[in-house]
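> return atomic coordinates for the entry below.
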Amino acid sequence: MTYPSSGIPLTWLLRLRWITAAAQTAAILVSARLLPDELPVLPLLGLVALGALSNLALMLRLRRPHPVRHALPGLVLGLDILLLTGLLFGSGGPANPFTAIYLVHITLAAVVMRGAWAWGLGLLATAGFGLLFFWNVHIHSLSHMDHGDGGGMSLHLAGMWVAFALTAGLIAAFVGRVTEALRQRDEELAALRDLSARQARLAALTTLAAGVAHELGSPLGTIAVAAKELQRAAEDLGLMGSAFTQDAALIRQEVDRCRRILDQLADPSGTTLGEAFHDLSWADLQAELVAGLSEADQARVAFRWPEAPCGPVPRQGLMRALRALLANALEATPRPGRVRLEAKREADLWHIDVIDEGRGMAPEVLARVGEPFFSTKAAGVGMGLGFFLARTFAEQLGGDLTVESAPGEGTRVQMTWPQVAAVVPETHG
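You can find the predicted model right below:
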């Protein structure tokens, strides 16, 4: 279990607080020997015991399976600052050399919390330190230069408080910024590792597709030759062979279709490598998307296009990606449910949403969407590559593909890519 905003294990804070409680107990006992009859030992040990009890409660909370709220680490650190203020109040106030531990708490707050929480805990520590100048249990052996005499703030003490406030602010600012930069770096590295893994899977799929295309080329050629000979023999039979002629022609058509599919497999599947960018109108995009659909499915698809032109895109790659998403949406939507395709432009990004009225996906299924060969369809119906290749295409354009879904609420797939400047034809003169 980790800090909601930092990824640091909460068990680390748990261990640190146990160590702190032990160190505080040892410091109080040693100070009681060095400063006999000056230190209120029992109240100080009571504050340490309160911190230990709160740590025990934190340990029991972490054993529960429910996720930890974002505010819990901040509340724990705030309690530690208040307990430290109480310990310093009873042991000399600002004259106590252990006031520097406030800076440790401010650093922890800047590391594990973000934004207002870090600054709020820093202000709490600064306020606690300032109050010690006015209210504290005076320890004569620790006082020096008007420290801890209970008489308010001299110019020297005011300077100490201002220096502490400035130091606390600098720690909160710089440590927080460095921590945020490290968080962003970790997120970018994780995204790059994920992208690298998907590119490696795509390369493997491309190699597999090229091998399949090569291996199936010869048997398809043999089938085509045999079908052509069968068609000729059936034609020689005249009327008696008309049925065989139609069957042979159908075989040849399907063989040609398989060859076209194999030609696509031989290309880098789903990529834009080698494909030029061409201007594409929304009307042409819609016409090509519905071209392979039955009339019933065409009636189930609703389009909403913006007035602004689409601009240059890798035409075949975009068509292939959107056909796969549209086919998945139609299969997921029970008849006569409808599927919507909506395009919009925000700043320099294009968004195309494919929205279905299906049953939606459970969180565990949604987490695996996009894995190659993962499919919720029946065996033999799909290969589980459509979404993977569509997302790869979007990423190669500099965009992304995201999915939003919940059981009973349908699914929204959004493809995003950056706007490309219009292609200007060359002029010669």
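
> test my guess that residue 133 contacts residue 157.
Yes: contact criterion CB atoms under 8 Å: residue 133 and residue 157 qualify, at 5.2 Å. Backbone N, C-alpha and C define where each C-beta goes, glycine included.

> list residues touching both of these two?
Taking CB atoms under 8 Å, 6 or more residues apart in numbering as the contact rule, residue 133 and residue 157 both touch residue 94.

> and stretch 107-127, what's buried?
Neighbour-count burial for stretch 107-127 flags 107-114, 117-119, 121-122, 124-126 (criterion: 16 or more other CB atoms under 10 Å).

> and which of the residues you listed is nearest residue 323?
When the buried residues of stretch 107-127 are ranked by distance to residue 323 (CB to CB), residue 114 comes first, at 42.5 Å.

> do I have it right that the closest one meets residue 184?
No: using CB under 8 Å, residue 114 makes no contact with residue 184, being 12.0 Å away.

> low-scoring stretches of the stretch 251-400 of the chain, by residue?
Along the stretch 251-400 of the chain, the parts satisfying pLDDT under 70 run over 260-275, 370, 372-385.

> helices of that one, start to end?
Here the stretch 251-400 of the chain has its helices, by DSSP state H, counting those that start in this stretch, at 282-291, 295-299, 315-332, 363-366, 386-396.

> need these in TSV (columns: distance to residue 75 and mean neighbour count).
Putting the helices of the stretch 251-400 of the chain into TSV (distance: least, CB to CB, whole Å; neighbours: other CB atoms under 10 Å) gives the following:
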stretch	distance to residue 75	mean neighbour count
helix 282-291	53	15
helix 295-299	55	12
helix 315-332	44	20
helix 363-366	29	11
helix 386-396	40	22
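
> could you dump the ones you listed to CSV with distance to residue 411?
Listed next are those as CSV, based on distance: least, CB to CB, whole Å:
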stretch, distance to residue 411
helix 282-291, 18
helix 295-299, 17
helix 315-332, 7
helix 363-366, 9
helix 386-396, 11
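
> of all those, which one is nearest residue 344?
Residue 344 lies closest to helix 282-291 among the helices of the stretch 251-400 of the chain, at 11.6 Å (CB to CB).

> for that closest one, packing partners?
Using 3 or more CB pairs under 8 Å, 6 or more residues apart in numbering; DSSP states H and E, the elements in contact with helix 282-291 are strand 301-304, helix 315-332.

> got the domain ranges for the protein?
Using automatic domain parsing, the domain parsing of the chain gives 10-153, 196-266, 277-418.

> longest single helix anywhere in the protein?
Ordering each helix of the chain by length in residues (DSSP state H) puts helix 155-236 first.

> pLDDT on that one, on average?
What helix 155-236 shows for mean pLDDT is 75.

> now that helix and helix 386-396, what's the angle there?
Counting by axes from the mean of the first three to the mean of the last three CA atoms, to 10 degrees, helix 155-236 lies at 120 degrees to helix 386-396.

> how far does helix 155-236 sit from its chain's centre?
Going by CA atoms, centre = their mean, to the nearest Å, the spacing between the C-alpha centre of helix 155-236 and its chain's C-alpha centre is 12 Å.

> equivalent analysis for stretch 291-308, please.
Computed by CA atoms, centre = their mean, the chain-centroid distance of stretch 291-308 equals 32 Å.

> next: stretch 45-63.
Stretch 45-63 sits 34 Å away from the centroid of its parent chain (CA atoms, centre = their mean).
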